[in-house]
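>>> Need a 3D model of the following:
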Amino acid sequence: MLPLENVAILKLEYWDRWVYDGPSSEADITELLNTASRHLPGFPMELRTPGLWHSHVGYFADPGVAERRLLNLNVDALDVAPGAPEQGPGLRRSIGIYSMAQDNISPAASPASADEVMVELGGMHEVLKLVLADVITPATAERISLNPQAPQ
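Numbers count the residues shown, from 1 in each chain. You can find the predicted model right below:
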């Protein structure tokens, strides 16, 4: 089908979530989030954020083979109900991280095969790993075995 149609947009999204074990009032987001991240606003870090918050960052990045690459990152600090009865009553602080790369592709650069699509998605995957590595602390990245590499 690819030789018959032009692929105009490729999009890759990831949803990551961390939930603290203790009461939400005791959660310290600096144990998870990198205070020097260029993808996060300063206010949650400065306040050590006892409250709930949301941030959204979006920008156009190095497009690779695409005409234009959009990167989006949303981070939410929310309180959620415990997932299991043995966790006890009360809400738990949850940090959700949504990351997205979207490539807008010119008709001349449209992938001609499934292999070319997979190469493009692989490059987007590596970029999103770099973004996540910037947002979380090095200790957290190591704990989840995140080994970001710059795309070739």
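>>> if you go through this structure in chain order, where are the strands?
Ranges of strands in the chain, per DSSP state E, are 9-19, 53-61, 68-80, 92-104.
>>> Deepest-packed of these, please.
Of all the strands of the chain, strand 92-104 has the most neighbours on average by mean count of other CB atoms under 10 Å, namely a mean of 20. Glycine gets a C-beta too; all of them are placed from N, C-alpha and C.
>>> Which neighbouring elements make contact with it?
strand 9-19, strand 68-80, helix 114-135 (3 or more CB pairs under 8 Å, 6 or more residues apart in numbering; DSSP states H and E).
>>> coming back round to it: export the strands of the chain as JSON lines, with columns for mean pLDDT and distance to Pro148.
As requested, the strands of the chain are exported to JSON lines (pLDDT from 0 to 100; distance: least, CB to CB, whole Å):
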{"stretch": "strand 9-19", "mean pLDDT": "92", "distance to Pro148": "13"}
{"stretch": "strand 53-61", "mean pLDDT": "90", "distance to Pro148": "14"}
{"stretch": "strand 68-80", "mean pLDDT": "91", "distance to Pro148": "14"}
{"stretch": "strand 92-104", "mean pLDDT": "92", "distance to Pro148": "12"}
